[in-house]
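*Asks:* Here is my input, please return the structure:
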Amino acid sequence: MVWAAAGHGPKSRAALEALCGTYWYPLYAFFRRQVHDPEEARDLTQAFFTQVVERETLRRFERERGRFRSFMLACAKHFLINERHRAGAAKRGGGVPPVSLELEDAEARYRLEPGRDESPERIFEKGWAREVLARAMERLRVDCEQRGRGAHFERLRAHLVGDGDTTTYRELGESLGMSEGAVKVAIHRLRERFHQSLREEIVLTVGHEAEVGGEVRYLVSVLRD
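*Replies:* The predicted structure is shown next:
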């Protein structure tokens, strides 16, 4: 988190892009659940991130610490309250934010959201949990490809988070040219690296590394709900 708030250098920019990559969809879903209009939700999301950058909101998080997930949600609530005192998107200055947001796909993803009766806060948290998990998985995929183990990762990834793959270890071994025992060891090691990847992703979103364990447990509880 420190680099995202520290200034305008390459590391700061990269950290900011990573944070926006994690949070843009959960925040879109939060706004979308509140306003019930895709265009207005997109405008709000763009305007929110523009404000975060222009007002150096992240510096305030560095002072206050705590969980970045909670901080961003509180900022979004405050932002929405202020925006409701304005007439509409024309006064909002939606424009293009100083960071890249993939808002073209936002509504298509939102239509897949289950539990339409869930609160905006809950849909934000579930979006956050899925994004963090996906980014951790992508981090691990890249690492495996760099090690020349991309094919193994693709075959074994379903066994990392319980995606319901019914392929047996023996069948996996036959497809990968490995013994059943070797597959068990490979999955165990891959799970350990995935957990580390998840921790590395979450450490970007908390004020102190001591909070990582609690956030991992909370993420798991959100996904199981």
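*Asks:* buried ones in the helix or strand harbouring Lys77?
*Replies:* Per DSSP states H and E, Lys77 falls inside helix 68-83. Using 16 or more other C-beta atoms under 10 Å as the test for burial, helix 68-83 gives Phe68, Arg69, Phe71, Met72, Leu73, Cys75, Ala76, Phe79, Leu80, Glu83. Bear in mind the C-beta positions are built from the backbone N, C-alpha and C, glycine included.
*Asks:* With stretch 118-135 instead?
*Replies:* Within stretch 118-135, judged by 16+ other C-beta under 10 Å, the buried ones are 118, 120, 123-133, 135.
*Asks:* could these be laid out in JSON lines, adding distance to Glu209 and secondary structure?
*Replies:* JSON lines is the format used below for the buried residues of stretch 118-135 (distance: C-beta to C-beta, whole Å; DSSP: H, G, I helix; E, B strand; the rest coil):
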{"residue": "Glu118", "distance to Glu209": "31", "secondary structure": "coil"}
{"residue": "Pro120", "distance to Glu209": "29", "secondary structure": "helix"}
{"residue": "Ile123", "distance to Glu209": "28", "secondary structure": "helix"}
{"residue": "Phe124", "distance to Glu209": "24", "secondary structure": "helix"}
{"residue": "Glu125", "distance to Glu209": "21", "secondary structure": "helix"}
{"residue": "Lys126", "distance to Glu209": "25", "secondary structure": "helix"}
{"residue": "Gly127", "distance to Glu209": "24", "secondary structure": "helix"}
{"residue": "Trp128", "distance to Glu209": "19", "secondary structure": "helix"}
{"residue": "Ala129", "distance to Glu209": "19", "secondary structure": "helix"}
{"residue": "Arg130", "distance to Glu209": "23", "secondary structure": "helix"}
{"residue": "Glu131", "distance to Glu209": "20", "secondary structure": "helix"}
{"residue": "Val132", "distance to Glu209": "16", "secondary structure": "helix"}
{"residue": "Leu133", "distance to Glu209": "19", "secondary structure": "helix"}
{"residue": "Arg135", "distance to Glu209": "18", "secondary structure": "helix"}
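*Asks:* after the helix or strand of the chain with the lowest mean pLDDT, next one along is what?
*Replies:* Ranked by mean pLDDT, DSSP states H and E, the weakest helix or strand in the chain is helix 2-6, scoring a mean of 45. Downstream of helix 2-6, the next assigned helix or strand under DSSP H and E is helix 10-35.
*Asks:* tell me which residues of that next one are tucked away?
*Replies:* By neighbour count with 16+ other C-beta under 10 Å, helix 10-35 contains the buried residues 12, 15-16, 18-35.
*Asks:* possible to save the buried residues of helix 68-83 as TSV with distance to Leu44?
*Replies:* Output for the buried residues of helix 68-83, formatted as TSV (distance: C-beta to C-beta, whole Å):
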residue	distance to Leu44
Phe68	19
Arg69	19
Phe71	18
Met72	14
Leu73	14
Cys75	12
Ala76	9
Phe79	8
Leu80	7
Glu83	6
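*Asks:* Once you drop chain neighbours, what's closest to Arg191?
*Replies:* Once flanking residues are discounted, Arg191 sits nearest to Leu160: 5.7 Å by C-beta to C-beta, 6 or more residues apart in numbering.
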